[in-house]
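>>> I need the structure of the sequence given here:
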Amino acid sequence: MSWFKRDKAGINTATENKKEAPDGLWNKCPSCKKPLLNLEQIENNYVCQYCGYHLRIGSAAYFSIIFDNNEFTELFPTLSSGDPINFFDSKPYTERLKESQAKTGLVDAIRSGHGKIDGQELVIACMDFNFIGGSMGSVVGEKIARSIDYCIEHNIPFMLISKSGGARMMEAAFSLMQMAKTAAKLALLAKAKLPYVCLLTDPTTGGVTASYAMLGDINIAEPGALIGFAGPRVIKETIKKDLPKGFQTSEFILEHGFLDFIVDRRQLKEKVSTYLRLIK
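Numbering: from 1, shown residues only. Next up, the predicted model:
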């Protein structure tokens, strides 16, 4: 029967002549598992066109989404962590830092930039999860502190995009001190009557949630983001109870009053710009 036979007139490419698709051309949505073309992801601000899932992105992508024409001046780009306690686990901390810097092209887990959003001046500090899990070390705290000082000096609003696993254990107390340090700096920003916008993304946990990530004049989050202090497993083992469905998602936290609203990344620039115009 003909439909069981290969049509010799069709396209038959020899195995040695077949070409593989280039790496990075396609991606798969972690939620609906459908294939996503990389160019379409960029055009859609890295949101799945099928299910609306917000893919994890870093500072470079956020800056391109928010800043006009992706034009900005990076602030304090050379700050790099030391090794204050000579930490050694499976390898020295200094070696881990060098590996992360080489792998990601970043100096640490946060970048700060000064640019414009719909013509309005704005400084953004954005965390990068790819750098040691976006952990909060001394450089993260220092860049936030210096960014706030820069905002006060130049009378510019401040926005912080959080994406972190929490404090960086390799810096011990030096990491934990950044919680108080950044909170004190934000008090000075409030005293100067300058807006502070917090965007919580997936994931925002640990000491970051317990400090600057939840201290905004307006706290917003992306859909479906994991937001919390301790992990669900730790909490469940501590309270000995089953957790509610959707526990620690941005939708659950909004419902319980810890967020002002959830914003789709495709409307992020418009929402932040509108807020800045209203508050001025």
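>>> Could I get the full set of helices for the stretch 101-250 of the chain?
Counting by DSSP state H, counting those that start in this stretch, the stretch 101-250 of the chain has these helices, from start to end: 138-154, 172-191, 206-209, 232-239, 250-255.
>>> Quick check: pLDDT value at the residue most central in space within the chain.
In the chain, the residue lying closest to the centroid (CA atoms, centre = their mean) is residue 163, at 3.7 Å. pLDDT, residue 163: 97.
>>> what does residue 101 give?
Looking at residue 101, the pLDDT reads 97.
>>> my guess is it meets residue 107, correct?
Yes - at 6.2 Å, residue 101 counts as touching residue 107 under the criterion of CB atoms under 8 Å. All C-beta spots, glycine's among them, are computed from the backbone N, C-alpha and C.
>>> Can you give me the distance of the residue nearest to the centre of the chain to residue 84?
To residue 84, residue 163 is 24 Å away according to CB to CB, to the nearest Å.
>>> re earlier: any common contacting residues for residue 101 and residue 107?
Common contact partners of residue 101 and residue 107 (CB atoms under 8 Å, 6 or more residues apart in numbering): residue 80.
>>> Those two: which is more packed in?
Comparing residue 101 with residue 107 by other CB atoms under 10 Å, the one with more neighbours is residue 107, at 19 against 15.
>>> The residue lying closest to that one once chain neighbours are set aside: helix or strand, and which one exactly?
Of all residues not flanking residue 107 in the chain, residue 80 sits nearest, at 5.2 Å (CB to CB, 6 or more residues apart in numbering). Of the helices and strands defined by DSSP states H and E, none includes residue 80.
>>> Show the model's pLDDT score for residue 80.
95.
>>> do residue 74 as well
At residue 74, pLDDT is 98.
>>> For the helix or strand containing it, could you pull out the residues that count as buried?
Using DSSP H and E, residue 74 sits within strand 72-75. Within strand 72-75, the residues scored as buried using 16 or more other CB atoms under 10 Å are 72, 75.
>>> Show me which parts of the one helix or strand residue 62 maps to are buried, residue by residue.
Per DSSP H and E, residue 62 falls inside helix 59-66. Buried residues in helix 59-66, counted by 16+ other CB under 10 Å: 59, 61, 62, 63, 65, 66.
>>> now, among those, which is nearest to residue 76?
Checking the buried residues of helix 59-66 against residue 76 with CB to CB, the nearest one is residue 59 at 13.2 Å.
>>> In terms of pLDDT, where does the closest residue to the closest one other than its chain neighbours sit?
Counting by CB to CB, 6+ apart, residue 59 lies nearest to residue 126, which is 3.8 Å off, once chain neighbours are set aside. For residue 126, the pLDDT comes out at 98.
>>> So what sits opposite residue 126 in the bridge?
With DSSP bridges as the criterion, residue 126 is bridged to residue 111, residue 161.
>>> Looks like it contacts residue 62 (just checking).
Yes - here residue 126 reaches residue 62: they are 4.9 Å apart, a contact under CB under 8 Å.
>>> can you list residues touching both of those two?
residue 161.
>>> Relative to residue 195, how far out is residue 277?
For residue 277, the distance to residue 195 equals 11 Å [CB to CB].
>>> tell me which residues in stretch 96-112 are buried?
Within stretch 96-112, the residues that count as buried by 16+ other CB under 10 Å are 96, 97, 100, 104, 106, 107, 108, 109, 110, 111, 112.
>>> quick one: the last one and residue 158, what's the gap?
Taken as CB to CB, the spacing of residue 112 relative to residue 158 amounts to 10 Å.
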